[in-house]
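Colleague: Any chance you could fold what I've pasted below:
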Amino acid sequence: MLNEQELIRSLEQATLPQLPRKMDYAIGCVGAGFIMADCQLKAYRDIGLNPIGITSLSMEKSREVAKRYDLPKVYPGWKELLEDEQVEILDIAVPPDVQLDIVRYAVRQKHIKGILCQKPVAMSLEGAREIARLGEEAGIPIAINSNMRYDQSMRALKRALDLDVLGEPVLATIEMRAIPHWQEFLKQYPVLEIYSMGIHHVDIFRYLFGDPAKITAVCRTDPRTKFAHRDGIVQFTYQYDNDLMATSLDDVWAWPEAPAEKDIYIKWRVEGTKGMATGTIGWPLYPKHEPSTLRLTSRDYPGGWIQPQWTTAWFPDAFQGTMTSLLRAVENSEMPEISAQDNIRTIACVEACYASIREERTVRLEEILER
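Modeller: Presented below is the predicted three-dimensional model:
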């Protein structure tokens, strides 16, 4: 067993991206919205990765982002970017219903070595399966940008679980009181919160604890969101074969607006048979740089709370992890940590949530996967 200082160092080291041996893979970027312009490209530049060009629906926006990050190439469209034989890695950040067409074209380009898709990878289980199939048949690793897996508190928590510091998990909770920005393209979909925001929590429970046996979800509309939707405020619970329960409350109402006072946060907690970990996610305070936090207590470490420290934050630093994981997969001829194949099961959990809401019952995950 590690001593306390060794444990703290191990938890802190778990938050650092694992870099590929080759750092100059040429990355071509499709999309110039917030995630690409403010998060991914900044994260890549901060650790010395090599984005070489960009395209989007707006040449003006593409040129602006290219200038900001010193990208030498701006393309009039995504096909032109994909056909550039200098591009080795494709980084897609577009609405999910557009990704499949881009991936179909990308896997036919012999110079493309790896693809990073935005999450959700698709708006259906069928779409997710198709993208995974395309990558498998072409022999091209496809990773999914489920970036909460690289939030620093989540990486440290996963390390603590793997080291058995908490014992067998008994109960896990996420309480989100935060207001996401609903992108314009979301208005065209018949579903909202679980696919666009809640999917982070749907996926993080899988990362921490594996696939659930059963899922129960309830929802209501969000009074702030004026376009038609059903799943605004959502609560869902995973139940595992070992009796673990993991539940998330996604409250996107959160603040009734001025002059009422704000109370915005994301808190999480994991209780086990030997210990407990609690923490916060700093994202709701972005663009303020607010690192997530973790503290834990365990019977194995008597004497108070153990609190590792780091200065990085989910936005933008976690986006280093999703890309470097793909690059390591490319150079080692292996599956990325968040592969398209693995992400099929995250999409299945999302679909199980919607089935539970629609049918007003608990849904077994295997019911969805067998469809």
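Colleague: Domain parsing of the chain, as residue ranges.
Modeller: 17-146+320-339, 148-313+347-369 (automatic domain parsing).
Colleague: Do a quick rundown of the helices in the protein.
Modeller: 4-13, 34, 41-47, 59-69, 78-83, 96-106, 125-138, 152-162, 193, 199-209, 314-317, 319-332, 340-359, 365-369 (DSSP state H).
Colleague: List the buried residues for the longest one?
Modeller: Of the residues in helix 340-359, those scored as buried under the neighbour-count criterion (16 or more other Cβ atoms under 10 Å) are 340-357. Heads up, the C-betas are built off the backbone N, CA and C, glycines and all.
Colleague: same thing with the third one?
Modeller: Taking 16+ other Cβ under 10 Å as the neighbour-count basis, helix 41-47 is seen to contain the buried residues L41, K42, A43, Y44, R45.
Colleague: Go through those and name the one nearest Y286.
Modeller: K42 (12.1 Å; Cβ to Cβ).
Colleague: From A318, how far off is that closest one?
Modeller: From K42 over to A318 the distance is 12 Å, taken as Cβ to Cβ, to the nearest Å.
Colleague: ok, the residue lying closest to I144 once chain neighbours are set aside - contacts?
Modeller: In this structure, I144 finds its nearest non-sequential neighbour in N343, 4.3 Å apart by Cβ to Cβ, 6 or more residues apart in numbering. Applying Cβ atoms under 8 Å, 6 or more residues apart in numbering, we find N343 in contact with K119, V121, A128, A132, I144, S146, D203.
Colleague: if you set the cut-off to 7 Å instead, what comes out?
Modeller: V121, A128, I144, S146 (Cβ atoms under 7 Å, 6 or more residues apart in numbering).
Colleague: tell me the contacts of the spatially most central residue of the chain?
Modeller: Centre of the chain computed as the mean C-alpha position; nearest residue by Cα atoms, centre = their mean is S146, 2.1 Å away. Counting by Cβ under 7 Å, 6+ apart, S146 touches K119, D203, I338, N343, T346.
Colleague: ok, 10 Å please
Modeller: With contact taken as Cβ atoms under 10 Å, 6 or more residues apart in numbering, S146 is in contact with 117-121, 199-200, 202-204, 206-207, 318, 322, 337-338, 342-343, 346.
Colleague: about what we covered before: could the helices of the chain go into CSV alongside mean pLDDT and distance to P256?
Modeller: Output for those, formatted as CSV (pLDDT from 0 to 100; distance: least, Cβ to Cβ, whole Å):
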stretch, mean pLDDT, distance to P256
helix 4-13, 98, 38
helix 34, 95, 25
helix 41-47, 98, 33
helix 59-69, 98, 34
helix 78-83, 98, 41
helix 96-106, 96, 31
helix 125-138, 98, 36
helix 152-162, 98, 28
helix 193, 97, 18
helix 199-209, 98, 23
helix 314-317, 97, 25
helix 319-332, 98, 32
helix 340-359, 98, 25
helix 365-369, 98, 36
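Colleague: got the contact list for the residue located most distally from the centre of the chain?
Modeller: In the chain, the greatest distance from the average C-alpha position (Cα atoms, centre = their mean) is reached by G303, at 34.6 Å. By Cβ under 10 Å, 6+ apart, G303 lies in contact with E4, T297.
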